[in-house]
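Asks: Give the three-dimensional model of this entry:
(3 chains, ligands or ions: 3)
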Amino acid sequence: MPETPDVDVIVVGAGPAGACASIELARAGLQVVLLERGPFPGSKNMYGGVVYPRILDELIPNWWDEAPVQRWVTRRSTMVLTPTQALTVDFRSTAWGAPPYNGATAYRPDFDHWLASHAEAAGAQVLCSTTVVGLLRDANGRVVGVRTDRPDGDLRARLVIACDGVNSFVAKEAGLHPPVDAANYTLGVKETLALPKEVIDERFGVRGREGVDIEILGGTGGVNGGGFVYTNLDTIAIGAVLKLPKLAAQKRRPEEIIAGLKAHPAIAPLVEGAELKEYSAHVIPEAGLAMMPKLTGDGLLVAGDAAAMCLAAGIWLEGVNFAMASGMYAGRAAIDAIRAGDVSTAGLAGYERRLSETFVLRDHRKLKRAPHLVLSDRVQHVYPELITSVAERMFRVDNPEPKPGLRRIVTSERKRLGIRRRDLARDGLDGFRSFG
Amino acid sequence: MSATAPIAVCLKWTPARLDGGPLGPDAADDRFAGISPADRAALELALRLADRLGTTVTAITAGPAGAERALRDALAAGAERAVRLDMATDADSRDVAFELAQSLADAAIVLCGDYSLDRGSGSVPAFVAHHRRIAQALGLVDIDVDTATAATVHATRRLDGGRRELLAIPLPCVLSVEGSLATLRRAPLPRALASRSAHIDVVATPPAHHHGAPAIVTAYRPRARVMPAPAGEVVLDRLRRLTDAGTAPSRGETVVLEPPAAAARIVDALREWGYLP
Amino acid sequence: MTHIERDHTWPEISFQDRMDTVRFDVHERAHITVDGRTCEGCSTQACVVACPANLFVPTSDGGIVFNYEQCFECGTCYLVCNEEGAITWTYPDGGHGVVFRRT
Ligand SMILES: Cc1cc2nc3c(=O)[nH]c(=O)nc-3n(C[C@H](O)[C@H](O)[C@H](O)COP(=O)(O)OP(=O)(O)OC[C@H]3O[C@@H](n4cnc5c(N)ncnc54)[C@H](O)[C@@H]3O)c2cc1C
Ligand code: SF4
Ligand code: SF4
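Replies: Ligands and ions are numbered 1, 2, ... in the order given. Coordinates of the predicted model:
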């Protein structure tokens, strides 16, 4: 006898993906249970620090009046570091300091909690402190519910949406993921450092609620990856994103790499004297399209980091927006499928269609080479020095020698660093194809 | 007391959990608020006793709406009824106790945690017992109830120096238990889900009044005395003088007396040392 | 290769102080277990370097001792682990484990 579902949809994981899926479903009048293993939504989640909120306009009008934001990012820098040099491209926009805003720093235990409260307000049942430990399936392998770690813990639904983050044991159990390869993951570690607000304002050259976002290439001490610095109201987030196999091979511990970043002459003046308030770590699915699982199974959708939707491509580290959007589209596809009475893979095809029509998969397709390129040894260990030494020679005044032309500098520095012209040209083309 | 009289458990909602590490309490933040391990043990014990006596558990808390999370968790774990006395978290413990006693007039056993997360004075259980004119016992590390008669609780109380005291307490009574007594059971999924929208009785309370409770006597604290600066050439000497280090410690005096005489002797000593006026 | 010298302009805090900034509601069940004997045959001991909470401690006889209590539940260890079956990895029971606050 087929058992009847207890609810329409179970959403696993109250991160940005799960909250947005639940908001859509509950607003459509479906019965939704949102399960979260932490004691409250956001309690298990950390990231660098910036939410790119455009997708929220669609979900929560005037979200900026109520979202728990630390600062509005009005200044964005990209830094290339060698041990003694730094080249920074610094962009400012006052437009970003006013609605609808381009980016906001926020703490995830605040932000995710707030977003999930909208799911609850829309009518979703949010149950925390509940870990999903397995999937329930019928004789045909169709997903019909989940098993939780509570006593009497089985719950049945027409459809399950896995928004359980990067380790997604739910999607893995459903067999949607290709075999796990550590090379597709990076470890993110960060320190939340306290400084008085006025000191942060002064050191970063901002006022009021304006904030700064700095992405760093180089400076991770031989381990492929990158660094970041973000400003909150009275704390600074500084951290590193480190390619897992390299980290293990280089024998450098994550906290040592952060210490190295903090000691760099271009960073030290920003963080000096700050007190460590919290240390944290989380894994990032880094490889984008190359590691994406199947997004749909019979009775199952996968969204957010669980589907490797995070866009990690050097100057971009965006995951929350991709999670919110993919969650929202998963919710919409689920509504259609349930109304049509077909939650099979075919009935759920609207999910992938929506992702393909929007930035979620279009950005990933466009940038499919980027994660590999950005984490490649040349980009990581050779080009930072090429870029900074070219800059140094451009800006150095060598009187009475006349100024050399840019082309001559590049050629001589390229030769000095042993970079073959062919490799530089190919990487340049790859970069242009991705970022251009 | 009828056998079906419920067992009540008082849960103190503490706005921020004080074990918040170097960040300290996150002020008035419900995400980090909660009840103490001792309160959780009291809830578990209430559920076990109710099971054995064939009765139900009423969970009660005095606090703002945010405190209802503690009640929902109690309903999820197995409590039958939940009551919130609508009061501020920092309400006077005499008022809290008065309202609790009113709402729990029919409870056979009122269970409390031995101390709340904010390490309050632990006076609420005593005031509740006072208002209901029933027995009270605190610091309990074991509780058993005579199911045949449902008239007496047998309890073990922790004393100083690793000693234990066995108590027979007539029902109804107020009992405070230590956190180590029991681990709160995991709430089953169906109950946990149902508890999110379950009904909670909200009792409006009058403004502060300090109802008929005994006046609170605050201990007398002797004033600081001005002392002459210690003499001595070197810092170490001055420190020695100041702290009496190195001199023979004054030994306490041991007296063996009957309880009434002992109490009188203690009061005399406190007066002599300046702790009582 | 980029190499950064550690500059001691201000003191780095001890690792234990670092971990003490993090809140954990520890459950009595160990959610991750490590079979130290399997580790004796491991050539990389990648976990020792990579675990951000520094929970893998090599022993003199080539094994590993592991304590689950201050774990970020990040997944790094099972991803980098070199020997099949050395690590048994689950999430802690609901409501337990790490609780982030300003992350
Ligand atoms: C160091 C670092 C820096 C980053 N910086 C940025 C940035 O600046 N901007 C940006 O946009 N993105 C950034 N990201 C990426 C971003 O954090 C993620 O892409 C995003 O959080 C994904 O959201 P999600 O909802 O898919 O998953 P998550 O946020 O991981 O949420 C998953 C949820 O599911 C819960 N869960 C997991 N398993 C279970 C289970 N079995 N049962 C019940 N619940 C479960 C978890 O507790 C969690 O709440 C960064 C990530 C890292 C690690
Ligand atoms: S990497 Fe795996 S096998 Fe090797 S020491 Fe660590 S846990 Fe053991
Ligand atoms: S999950 Fe992360 S923090 Fe926990 S033991 Fe593994 S590597 Fe360390």
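
Asks: which residues in the stretch 101-250 of chain B form helices?
Replies: For the stretch 101-250 of chain B, applying DSSP state H, counting those that start in this stretch gives helices covering B:123-132, B:189-195, B:235-243.

Asks: for chain C, that is, sorry about that
Replies: C:15-19, C:36-39, C:46-50, C:76-80 (DSSP state H).

Asks: Where among those helices is average confidence lowest?
Replies: When the helices of chain C are compared on mean pLDDT, helix C:36-39 scores lowest, with a mean of 89.

Asks: Output it as CSV, restricted to C-alpha atoms.
Replies: Provided in CSV are the C-alpha atoms of helix C:36-39 (Å, rounded to 0.1, in the frame of the first residue of the first chain):
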residue,chain,number,x,y,z
GLY,C,36,43.8,5.2,13.9
ARG,C,37,45.1,1.8,12.7
THR,C,38,44.1,2.5,9.1
CYS,C,39,46.1,5.8,9.4
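
Asks: close to ligand 2, is that helix?
Replies: Yes. Residues of helix C:36-39 contacting ligand 2 under Cβ under 6 Å from any ligand atom: C:38-39. Yep, even glycine has a C-beta here, placed from its N, CA and C like the rest.

Asks: how about that helix, does it get close to ligand 3?
Replies: No. Using Cβ under 6 Å from any ligand atom, helix C:36-39 stays clear of ligand 3, coming no nearer than 13.4 Å.

Asks: can you tell me the residue of chain C closest to ligand 1?
Replies: C:Tyr91 (5.7 Å; Cβ to the nearest ligand atom).

Asks: Nearest residue to that residue in space, ignoring adjacent ones along the chain?
Replies: Spatially, and ignoring its direct neighbours in sequence, C:Tyr91 is nearest to A:Thr131 (5.1 Å; Cβ to Cβ, 6 or more residues apart in numbering or on different chains).

Asks: quick one: which of the helices of the stretch 101-250 of chain B is nearest A:Val12?
Replies: Nearest of these to A:Val12, taken as Cβ to Cβ: helix B:189-195 at 13.6 Å.

Asks: check whether that closest one contacts ligand 1.
Replies: No. Helix B:189-195 is not in contact with ligand 1 by Cβ under 6 Å from any ligand atom; minimum separation 12.4 Å.

Asks: helices or strands up against that helix?
Replies: Contacts defined by 3 or more Cβ pairs under 8 Å, 6 or more residues apart in numbering or on different chains; DSSP states H and E place helix B:189-195 against strand A:125-127, strand A:154-162, helix B:68-77.

Asks: Kindly tell me how buried residue 14 is, as a neighbour count.
Replies: Answering for chain A, as no chain was given. 32 (other Cβ atoms under 10 Å in any protein chain shown).

Asks: Switch to chain C, please.
Replies: C:Ser14: 9 neighbours (other Cβ under 10 Å).

Asks: before we move on, the earlier item: present the helices of the stretch 101-250 of chain B as TSV; the columns should include mean neighbour count and mean pLDDT.
Replies: Shown next, in TSV, are the helices of the stretch 101-250 of chain B (neighbours: other Cβ atoms under 10 Å in any protein chain shown; pLDDT from 0 to 100):
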stretch	mean neighbour count	mean pLDDT
helix B:123-132	21	92
helix B:189-195	20	97
helix B:235-243	12	84
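
Asks: still on that earlier bit, out of the helices and strands packed on helix B:189-195, which is the most enclosed?
Replies: The highest mean neighbour count among these, using mean count of other Cβ atoms under 10 Å in any protein chain shown, belongs to strand A:154-162: a mean of 25.

Asks: Just checking that one against chain B, any contact.
Replies: Yes. Judged by Cβ under 8 Å from any Cβ of the partner chain, strand A:154-162 comes into contact with chain B at A:154-155.

Asks: Could you confirm whether that strand reaches chain C?
Replies: No. Strand A:154-162 stays out of contact with chain C when judged by Cβ under 8 Å from any Cβ, the minimum separation being 13.2 Å.

Asks: So what are the sheet partners of that strand and their directions?
Replies: Looking at strand A:154-162 with DSSP bridges, its partner strands are strand A:7-12 (parallel), strand A:143-148 (antiparallel), strand A:300-302 (parallel).

Asks: Buried residues, the last one. List them.
Replies: Neighbour-count burial for strand A:300-302 flags A:300-302 (criterion: 16 or more other Cβ atoms under 10 Å in any protein chain shown).

Asks: Stretch A:231-246 now?
Replies: In terms of neighbour count (16+ other Cβ under 10 Å), stretch A:231-246 has its buried residues at A:231-232, A:234-246.

Asks: residues in contact with the residue nearest to C:Tyr91?
Replies: A:37, A:148-149, C:91-94 (Cβ atoms under 8 Å, 6 or more residues apart in numbering or on different chains).

Asks: Make a markdown table from the helices of the stretch 101-250 of chain B and add distance to B:Leu53 to it.
Replies: As requested, the helices of the stretch 101-250 of chain B are exported to a markdown table (distance: least, Cβ to Cβ, whole Å):
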| stretch | distance to B:Leu53 |
| --- | --- |
| helix B:123-132 | 19 |
| helix B:189-195 | 20 |
| helix B:235-243 | 56 |
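
Asks: With ligand 2 as the reference, name the closest of those helices.
Replies: Of all the helices of the stretch 101-250 of chain B, helix B:189-195 comes closest under Cβ to the nearest ligand atom, at 33.4 Å.

Asks: Tell me the gap between that closest one and the middle of its chain.
Replies: From the chain centre to the centre of helix B:189-195 is a distance of 29 Å (Cα atoms, centre = their mean, to the nearest Å).

Asks: I figured A:Leu87 hits A:Met394, correct?
Replies: No. Contact between A:Leu87 and A:Met394 fails when scored by Cβ atoms under 8 Å: they sit 10.2 Å apart.

Asks: any low-confidence regions in chain C?
Replies: Flagging of chain C using pLDDT under 70 yields the residue ranges C:1-11.

Asks: Contact residues of it facing ligand 2?
Replies: C:34, C:38-39, C:42, C:44-47, C:56, C:64, C:81-83, C:86-87.

Asks: Report how many residues lie close to A:Ser344.
Replies: Neighbour tally, A:Ser344, other Cβ under 10 Å: 14.

Asks: One more: the one 10 residues further on?
Replies: Under the neighbour criterion other Cβ under 10 Å, A:Arg354 is assigned a count of 19.

Asks: what's the answer for A:Val390, then?
Replies: Residues near A:Val390, counting by other Cβ under 10 Å: 17.

Asks: What distance do you get for the closest residue to chain C within the stretch 151-277 of chain B to B:Gly179?
Replies: Using Cβ to the nearest Cβ, the closest approach of the stretch 151-277 of chain B to chain C is made by B:Arg186 at 7.6 Å. Relative to B:Gly179, B:Arg186 is positioned 17 Å away (Cβ to Cβ, to the nearest Å).

Asks: ok and the helix or strand that B:Val83 is a member of relative to helix B:68-77, angle-wise?
Replies: B:Val83 is part of strand B:81-86 when elements are defined by DSSP states H and E. Going by axes from the mean of the first three to the mean of the last three Cα atoms, to 10 degrees, strand B:81-86 is angled at 170 degrees with respect to helix B:68-77.

Asks: helices and strands around strand B:81-86, which ones?
Replies: In terms of contacts (3+ Cβ pairs under 8 Å, 6+ apart), strand B:81-86 is packed against strand B:57-63, helix B:68-77, helix B:93-103, strand B:201-204.

Asks: Thanks a lot, catch you later.
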